[in-house]
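K.L.:
Curious how this folds, go ahead:
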Amino acid sequence: MFDDSLDWIPENLEAMPPGYVLAAVLDDIDIDTCDGYDRIRVLRAHQRMASHYQARTYHTMTTVVDAMADDAGGEDFAEEAAAIEVATALRLTRRAADIEMRFAIDLQRRLPQVWEALCDGHIDVRRAKVIVNATLHLLMAGARDVAASIVPDAGLLTTGQLREKLRKLCIDINPEDAADRYDHAVEDRRVVSEPTDAGTSNLFGIDLPPHRVAACLKRINQLARGLRGPNETRTMDQLRADVLLDLLEGTGQATRAGRGMVDLHSDLKTLAELTDHPGELAGYGPVVADIARQVAEQQHKSKWRWTIDDPDTGLPVFGGTTRRRPTSRQRRFVEARNRTCVHPGCRMPSVDCDIDHRIPWAESRATNTADLAPMCRFHHVARHRHGWSYEPLGNGDHKLTSPLGHTYTTSGRSP
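P.N.:
From the prediction side, this is the model:
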């Protein structure tokens with residue numbers, strides 16, 4: 001063991017593939033002697049090793065299926081027998097073992113490139129499950145095409161961003177199937193309630209049209225913010241819940257307030273019905289082309305902000321608002337350029353964010369769009385409180401630097 005952690009932690013630690021060499025290196029590191037910067041490097045290396053071992057675990061589960069193979073019983077028999085064996089060996093419930101076995105088979109045999117990425121430590125099991133589950137409705141060839149497109153960038157996205165990008169890819173690969181699945185799901189829309197152990201109740205709207213849900217959520221947020229004041233003791237979550245109940249019951253202050261505004265992004269060819277690329281609703285994500293066109297064409301009582309994007313670059317080329325006095329030109333430009341908070345992984349729509357001055361106005365005495373970026377209230381406060389910094393890189397991209405010195409790049413384009 002060396003005394004100085006900077007001397008014995010390899011400079012190429014990030015590039016070391018998971019395996020016995022990396023395991024040995026990590027085993028020799030005393031994390032308590034590392035500085036903050038190197039603790040993040042070691043954390044990432046441990047995650048690669050964890051992903052590697054999880055991939056090997058799922059591979060071994062599929063080999064148990066092979067060991068149970070019986071020509072007389074067939075594949076279903078082998079999978080059932082293997083799941084019982086695994087459940088007993090790992091002390092899993094029957095349902096948990098069935099779920100894990102099904103995932104192992106889909107991962108190893110249906111989407112081998114996802115298994116390889118997990119084994120190599122490029123993604124973790126959370127992201128692997130997102131990819132597998134999001135492509136189950138596709139034929140194997142289509143699922144593998146989607147996986148091949150997403151795997152290289154999957155490790156750079158949060159699971160929320162990954163789901164959003166997968167929805168878009170799945171719509172793109174088969175727009176007709178996506179439209180059919182949407183229509184069938186909407187036909188089953190319903191509202192259900194369930195009691196909780198605490199004596200409260202949960203209320204769910206299931207399989208609702210996403211553009212209407214987006215408008216409803218926007219209005220609830222707007223009404224909740226309007227109820228805040230110096231004497232208001234309720235949290236924002238409590239205010240939103242009370243607004244929902246007031247609206248449905250037709251009582252309370254919320255029923256007398258105005259409507260919210262929702263962002264729609266789509267490319268011009270889709271709106272002209274020349275293609276069927278998915279549109280995007282801020283705060284929700286990709287929607288099928290028909291929904292994008294409906295939102296663009298409808299004379300809805302809600303307020304909508306729309307942006308037409310270049311289909312090749314994804315950058316905004318034109319935009320405007322309906323039934324609402326426009327905000328300042330600079331804010332509209334910033335919100336169109338960056339659809340979400342620019343902090344890595346945050347998906348808060350830019351229309352709900354603060355507009356941050358990278359260079360404080362008190363220092364520059366200028367407000368330039370190049371130095372403006374949307375940041376949600378949490379990350380805006382955290383930037384100043386904890387010492388994050390950022391700089392624009394062009395095309396809407398930003399490079400952020402953490403207090404420990406690590407850098408991350410976020411894109412102004414949708415995932």
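
K.L.:
Would you check that L13 makes contact with A45?
P.N.:
Yes - using Cβ atoms under 8 Å, L13 is in contact with A45, at 5.6 Å. Where you see a C-beta, it was placed from the backbone N, CA and C, and this is true even at glycine.

K.L.:
ok, those two, which is more surrounded?
P.N.:
More neighbours surround A45 than the other of L13 and A45, with 22 against 17 (other Cβ atoms under 10 Å).

K.L.:
Now whichever strand or helix holds the more buried one: buried residues?
P.N.:
Assessed by DSSP states H and E, A45 sits inside helix 36-67. For helix 36-67, a neighbour-count test (16 or more other Cβ atoms under 10 Å) marks 38, 41-42, 45, 48-49, 51-52, 54-55, 58, 61-62, 64-65 as buried.

K.L.:
Next SSE downstream of it?
P.N.:
helix 74-90.

K.L.:
Quick check: what element follows that next one along the chain?
P.N.:
Scanning forward in sequence from helix 74-90 by DSSP H and E, the next helix or strand is helix 94-105.

K.L.:
and after that next one, which helix or strand comes next?
P.N.:
Next element after helix 94-105 (DSSP H and E): helix 112-119.

K.L.:
For the stretch 301-415 of the chain, just list every one of the strands.
P.N.:
303-309, 316-322, 354-357, 372-375, 389-394, 397-401, 407-410 (DSSP state E, counting those that start in this stretch).

K.L.:
and those strands, which one is worst for confidence?
P.N.:
Note on the strands of the stretch 301-415 of the chain: lowest mean pLDDT is at strand 316-322, with a mean of 56.

K.L.:
what residues are up against the residue nearest the centre of the chain?
P.N.:
Centre of the chain computed as the mean C-alpha position; nearest residue by Cα atoms, centre = their mean is G160, 1.6 Å away. Contacts for G160 (Cβ atoms under 8 Å, 6 or more residues apart in numbering) come out as G345, R347.

K.L.:
at 6 Å what do you get?
P.N.:
R347 (Cβ atoms under 6 Å, 6 or more residues apart in numbering).

K.L.:
For whichever strand or helix holds it, buried residues please.
P.N.:
Per DSSP H and E, G160 falls inside helix 159-173. Neighbour counts using 16+ other Cβ under 10 Å place 161-173 of helix 159-173 among the buried residues.

K.L.:
Check those residues against L217 and report the nearest one.
P.N.:
Nearest to L217 among the buried residues of helix 159-173: E164, at 16.0 Å, using Cβ to Cβ.

K.L.:
So for the closest one, what's the pLDDT?
P.N.:
On the pLDDT scale, E164 is placed at 90.

K.L.:
Please tell me how far it sits from P286.
P.N.:
According to Cβ to Cβ, to the nearest Å, E164 and P286 sit 6 Å apart.

K.L.:
Mind splitting this protein into its structural domains?
P.N.:
Taking automatic domain parsing as the criterion, the chain consists of the domains 5-155, 195-256, 329-415.

K.L.:
Report the separation between G405 and A67.
P.N.:
In terms of Cβ to Cβ, G405 sits 49 Å off from A67.

K.L.:
give the contact list for I9.
P.N.:
D38.

K.L.:
oh sorry, the question was meant for I131
P.N.:
V114, A147.

K.L.:
mind running it again at 8 Å?
P.N.:
Counting by Cβ under 8 Å, 6+ apart, I131 has contacts L111, V114, I123, V146, A147, I150, V151, A154, L162, L166.

K.L.:
In three-state terms, label the residue nearest to P209 when sequence neighbours are not counted for me.
P.N.:
Nearest residue to P209, sequence neighbours excluded (Cβ to Cβ, 6 or more residues apart in numbering): V186, at 6.0 Å. Secondary structure, DSSP: H, G, I helix; E, B strand; the rest coil: V186 is helix.

K.L.:
And for V186, the neighbour number?
P.N.:
13.

K.L.:
and the closest residue to H277 other than its chain neighbours, what is it in contact with?
P.N.:
Leaving out its chain neighbours, the residue that sits closest to H277 by Cβ to Cβ, 6+ apart is T270, at 4.7 Å. Listed by Cβ under 8 Å, 6+ apart, the contact set of T270 reads D276, H277, G279, A289, A292, R293, P311.

K.L.:
By neighbour count, which of these wins?
P.N.:
Neighbour-wise, these (other Cβ under 10 Å) top out at G279, 28 neighbours.

K.L.:
ok, it touching G285?
P.N.:
No - the criterion here is Cβ under 8 Å, and G279 misses it with G285 at 10.0 Å.

K.L.:
I'd say R347 and L162 touch.
P.N.:
No - with contact defined as Cβ under 8 Å, R347 does not reach L162; the gap is 11.1 Å.

K.L.:
Spatially, which residue comes closest to T407, not counting chain neighbours?
P.N.:
Using Cβ to Cβ, 6+ apart, the nearest residue to T407 is T401, at 5.2 Å.

K.L.:
Also A97?
P.N.:
Nearest to A97 is A87, by Cβ to Cβ, 6+ apart, at 3.4 Å.

K.L.:
burial count for the one you found?
P.N.:
For A87, using other Cβ under 10 Å, the count is 18.

K.L.:
likewise A15?
P.N.:
Neighbour tally, A15, other Cβ under 10 Å: 7.

K.L.:
Let me have the buried residues of helix 159-173 in JSON lines, extended by distance to R212.
P.N.:
Formatted as JSON lines, the buried residues of helix 159-173 follow (distance: Cβ to Cβ, whole Å):
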{"residue": "Q161", "distance to R212": "24"}
{"residue": "L162", "distance to R212": "25"}
{"residue": "R163", "distance to R212": "20"}
{"residue": "E164", "distance to R212": "19"}
{"residue": "K165", "distance to R212": "23"}
{"residue": "L166", "distance to R212": "23"}
{"residue": "R167", "distance to R212": "18"}
{"residue": "K168", "distance to R212": "20"}
{"residue": "L169", "distance to R212": "24"}
{"residue": "C170", "distance to R212": "22"}
{"residue": "I171", "distance to R212": "19"}
{"residue": "D172", "distance to R212": "23"}
{"residue": "I173", "distance to R212": "26"}
